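In: model this:
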Amino acid sequence: MTGPAETDEPPGEYQEILYCVEDRIATVTLNQPERRNALSFRMRREVIDALRAAESDDDVTVVLIRANGPSFSGGYALSTAPRPVSAEESDSKSYWDDGTRPERWIDAEEFNGWTDQWARSCLRDWMNVWELLKPVVAMVHGHCLAGGTELMSLCDIAFVADDAQIGYPPVRGMTSPDIPYFPWKMTMAQAKYLQLTGNSVTGAEAAAMGWVAKSFPPEELLEQTMRELRAMSHIAPSLLAANKESVNHAYEIMGMRTHFQQAWAMHALSGALRPGARDFSQRLGEGGLKAALEWRDGPARGEGFR
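Out: Predicted structure coming up:
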């Protein structure tokens, strides 16, 4: 997909995203197409910074998150994601390759190895989307997997290509989701099916089950999304904020935030303490990513599932 209009921001301000504002629409473009827009620490920080800039800009009514390249996002960058560790072997290098930390990361002996700072950081990052006063719309094409679906699912509205591939395959052999959004986006039957199998669905299927708002033929996705955003951008930002908060409050009263906030515990248990928790990491280290993914996803693919 092509990028948005040229930004007036100084060159080099962002390294892994693009940002521009035009006709009351702020566009945040994930811009690491050669890596299928893997959500690195830097990209996550830049997306949040751009969202906050859009929120404080009086010229912005609505925010669009989209992506360059063949995919929206293949998920979190596995090269920098934490490997499962025990409390005895946990230290800062066990979690991160480059030593960076997301906001409010607590690196201390009392907390390393059991409080799952990784899952907590994912939730804190994407709740910025949920809490933003301005509506955030995702436009999704190609692959949208794992962490990419967390970002998409926390957006207020998602428009997707009919042939997009959307799912959470890490639940087949790694951990439970960092953000357990499935029960809040679809029926119990669908939530259990997708979270237990790790199977992916097409964009058209995701729209039919209510996971996303609408799907369009891939060649019409950009045109139809911008048509929706242009109309929305003429609604008063204050009224959009009030309506967003109204809907958000309903889900929070039903317990969504509490459910999300306890997800780190199951993520930690499934990623470090359950039998076989280190199998994926071991195969990743021994045979590389391709071998690890074949171990994780091969049986499902052999039966014709994505």
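
In: and stretch 159-173, what's buried?
Out: By neighbour count on 16 or more other Cβ atoms under 10 Å, the buried set for stretch 159-173 is 159-162, 164-173. Any C-beta I mention is one placed from the backbone N, CA and C, and that applies to glycine too.

In: and what of stretch 206-219?
Out: Ala206, Ala207, Met209, Trp211, Val212, Ala213, Ser215, Phe216, Pro218.

In: which sections of the protein are below the confidence cut-off?
Out: 1-12, 79-100 (pLDDT under 70).

In: which stretches of the stretch 151-300 of the chain form strands?
Out: 157-161, 165-167, 201-202, 214-216 (DSSP state E, counting those that start in this stretch).

In: picking up where we left off before, between the buried residues of stretch 159-173, which sits nearest Glu245?
Out: The shortest approach to Glu245 among the buried residues of stretch 159-173 belongs to Phe159, at 21.9 Å (Cβ to Cβ).

In: OK, contacts around the closest one?
Out: 137-140, 212-216, 221, 224-225, 228 (Cβ atoms under 8 Å, 6 or more residues apart in numbering).

In: again with Ile65
Out: So Ile65 contacts Val28, Thr29, Leu30, Val47, Val136, Val137, Ala138, Met139, Leu151, Cys155 (Cβ under 8 Å, 6+ apart).

In: next one: the fifth one from Trp130, what distance?
Out: As defined by Cβ to Cβ, to the nearest Å, Val136 lies at a distance of 9 Å from Trp130.

In: and those two? which has more neighbours close in?
Out: Val136 (24 against 19; other Cβ atoms under 10 Å).

In: which of the buried residues of stretch 206-219 lies closest to Gln262?
Out: Trp211 (22.3 Å).

In: circling back: which of the contacts of Ile65 fall in helices?
Out: Among the contacts of Ile65, the ones falling in helices (DSSP state H) are Val47, Leu151.

In: related to what we said a few turns ago, need the contacts of Phe159 in CSV with distance to Ile235, can you?
Out: Output for the contacts of Phe159, formatted as CSV (distance: Cβ to Cβ, whole Å):
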residue, distance to Ile235
Val137, 13
Ala138, 19
Met139, 19
Val140, 23
Val212, 21
Ala213, 16
Lys214, 18
Ser215, 23
Phe216, 22
Leu221, 22
Gln224, 18
Thr225, 16
Glu228, 12
